[in-house]
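J.: Turn this into a structure:
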Amino acid sequence: MTAPDALPPLTPLPEDWSTALAVVAHPDDMEFGAAAAVARWTGQGKRVVYCMVTSGEAGIDGMDPDEARRVREAEEIESGRIVGVEEVEFLGLPDGVLEYGLPLRRAIAGAVRRHRPDVVITGNYRETFPGGMLNQADHVATGRAVVDAVRDAGNRWVFREQVETDGVEPWGGVRQVWVAASPDARHGVDVSATFDAGVASLRAHAAYLDGLGWADFDPAAFLASMSGPTGERMGVTHAVAFEVLRMGWED
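T.: Here you go, the predicted model:
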């Protein structure tokens, strides 16, 4: 018998795709939960591209933003390398003050058109995370903009200067947007074999983690506290959950 408060099983994510674009607000956003899934997919020969909307330059209190930008970009490139990501793009928008609107949609639509993914991954854009912890404004703005920018990217008359001046063709081939850390997640991916790679990718953000000042923070224990219970919903040791937004008419 299922306990009254037990969460329902998760449906495995489809893996019949070749290219994914992950668009998140900051360096470290992918690593705080989803990087082990990326390691699984790159291990299957899939191409995953990272697109950071900001460089996280406002994220280290004791470090000047210009220096923090350099450090955090380098840490993200290394973190991506650990999980098999060879392409990391930084859009250069200002950290900490992102706003949902046309400039953000335009920048993300351009990335979708350049990289032409089958799937787009982003972070939670709800007001809270699972468990009720309050979300952060940059995450909310980015996630909302990603959903709209994916549709914008397929319309040649939206942000038409990208097509007419920059020579980037529209791209309407995104089948789904996958939202990590969503309280409405109904799908998941087994990361039991790649959990350690996900931990290593988070550890690569050494300067950022040190700057947070979290005493005795253990990346492995932190990630396991999420991936373990999620894994139980799939009958595996570790899993990552996603909300799936369908961009087309497929079932």
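
J.: Show me what stretch 12-22 is in contact with.
T.: 30, 34, 38, 41, 44, 46-51, 111-112, 115-122, 175-176, 178, 187-190, 234, 242, 244 (Cβ atoms under 8 Å, 6 or more residues apart in numbering). The C-beta positions use only the backbone N, C-alpha and C, and glycine is treated the same way.

J.: ah, wrong one, I meant stretch 141-161
T.: For stretch 141-161, the surrounding residues in contact (Cβ under 8 Å, 6+ apart) are 23-25, 53, 98-101, 104-106, 108-110, 112-113, 120, 122-125, 163, 169-174, 177, 179, 245, 247.

J.: Of those, just the buried ones, PyMOL syntax please.
T.: In PyMOL syntax, the buried subset of the contacts of stretch 141-161 is picked out as below (16 or more other Cβ atoms under 10 Å):
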select buried, resi 23+24+25+53+98+100+104+105+106+108+109+110+112+113+120+122+123+124+125+163+170+171+173+174+177+179+245+247
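
J.: Show me where the stretch 101-250 of the chain dips below the pLDDT cut-off.
T.: Along the stretch 101-250 of the chain, segments meeting pLDDT under 70 span 249-250.

J.: which residues of it fall in strands?
T.: Using DSSP state E, counting those that start in this stretch, the strands of the stretch 101-250 of the chain run over residues 119-123, 176-180, 187-190, 239-246.

J.: Could you pull up the residues touching Glu243?
T.: Here Glu243 is in contact with Trp178, Val179, Ser182, Asp184, Ala185, Arg186, His187 (Cβ under 8 Å, 6+ apart).

J.: Dig out what it forms beta bridges with.
T.: On the basis of DSSP bridges, Glu243 is bridged to Val179.

J.: For Arg156, see how far away it is.
T.: Distance, Glu243 to Arg156, using Cβ to Cβ, to the nearest Å: 29 Å.

J.: How about Trp41?
T.: Distance of Trp41 to Arg156, computed by Cβ to Cβ: 30 Å.

J.: same question, Gly198
T.: Computed as Cβ to Cβ, the Gly198 to Arg156 distance reads 38 Å.

J.: Those two - which one has more neighbours?
T.: It is Gly198, of Gly198 and Arg156, that has more neighbours when counted by other Cβ atoms under 10 Å, with 31 against 14.
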